[in-house]
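Chemist: pasting the structure only:
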């Protein structure tokens, strides 16, 4: 059965700390790994990773994928209180292989890591 | 450009009723997926529509159904509501195969 496991489930840090969030997966027909930040309702897109070893960066956030070991990490440096949120990892899978005409397939989500940044 | 729009934002229904939720994807996006989010189970995939055809389906009972119209707007229907159907229902749209999915604000459904 396909699964995505995130760790830790929750984390409390102080402003200025650096955090590393982990995501491991076992998914057939892997297409991509995505990170989202969810503060209230809609998860907001952070990164999409498809190739191993290529770091993606956006400000203080960065992420990398290891397709051999089947995991990804999300790093946040110099954390701020505004970084407090649930961080979701999702793996894009094409059930049944590539479908004609293209398809998003489905995203298999981990349970998320709840990050709390204290002032 | 406008994001993914879901309506209504909040809904309260009683057991046994049915409900229809609506999702308008980002303009030009042909793929629409639906997810159920609960505190215990996290985000779970319901189904995906692409060009009016259901492409993928998650492990939900037949009471959950959906459709997509020619303008890519999608509706999700849940019949014979149960208390356990109370959840945040999220819709996501994407442009291309395996591309990033953009989520709407969700519909908070409460079944009493």
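Modeler: That came through, no problem. Computed from a prediction, not measured in an experiment: that's the story for all the values here.
Chemist: what is the worst-scoring helix or strand of chain A on mean pLDDT packed up against?
Modeler: Ranking every helix and strand in chain A by mean pLDDT, DSSP states H and E puts strand A:106-109 at the bottom, with a mean of 83. With contacts defined as 3 or more Cβ pairs under 8 Å, 6 or more residues apart in numbering or on different chains; DSSP states H and E, strand A:106-109 has these neighbours: strand A:3-7, strand A:85-93, strand B:31-38, strand B:42-50. Placement of C-beta: from N, CA and C, glycine included.
Chemist: at 10 Å instead, please
Modeler: Packing partners of strand A:106-109 (3 or more Cβ pairs under 10 Å, 6 or more residues apart in numbering or on different chains; DSSP states H and E): strand A:3-7, strand A:30-38, strand A:85-93, strand B:31-38, strand B:42-50, strand B:53-57.
Chemist: right, and those strands - which one's nearest residue A:17?
Modeler: strand A:85-93 (14.8 Å; Cβ to Cβ).
Chemist: near chain B at all, the closest one?
Modeler: Yes. Against chain B, strand A:85-93 shows contacts by Cβ under 10 Å from any Cβ of the partner chain at A:86, A:88, A:90, A:92-93.
Chemist: low-confidence ranges in chain A?
Modeler: Along chain A, the model assigns pLDDT under 70 to residues A:94-105.
Chemist: what's near enough to touch residue A:58?
Modeler: Neighbour list for residue A:58: A:46-47 [criterion: Cβ atoms under 10 Å, 6 or more residues apart in numbering or on different chains].
Chemist: how about it: which residues does it bridge to?
Modeler: Taking DSSP bridges as the rule, residue A:58 bridges to residue A:61.
Chemist: hmm, back to that, direction included, what does the least confident helix or strand of chain A pair against?
Modeler: Here strand A:106-109 has these sheet partners by DSSP bridges: strand A:85-93 (antiparallel).
Chemist: the strand it pairs with: how far from the chain's middle?
Modeler: Here strand A:85-93 is found 4 Å from its chain centre; the criterion is Cα atoms, centre = their mean, to the nearest Å.
Chemist: can you confirm residue B:29 is in a strand?
Modeler: No. Counting by DSSP: H, G, I helix; E, B strand; the rest coil, residue B:29 is located in no strand; its state is coil.
Chemist: quick one: buried ones out of the residues of strand A:85-93 next to chain B?
Modeler: Neighbour counting by 16 or more other Cβ atoms under 10 Å in any protein chain shown classes A:86, A:88, A:90, A:92-93 among these as buried.
Chemist: so, low pLDDT: which residues of chain B?
Modeler: Along chain B, the parts satisfying pLDDT under 70 run over B:1, B:96-99.
Chemist: 80 instead?
Modeler: B:1-2, B:56, B:95-100 (pLDDT under 80).
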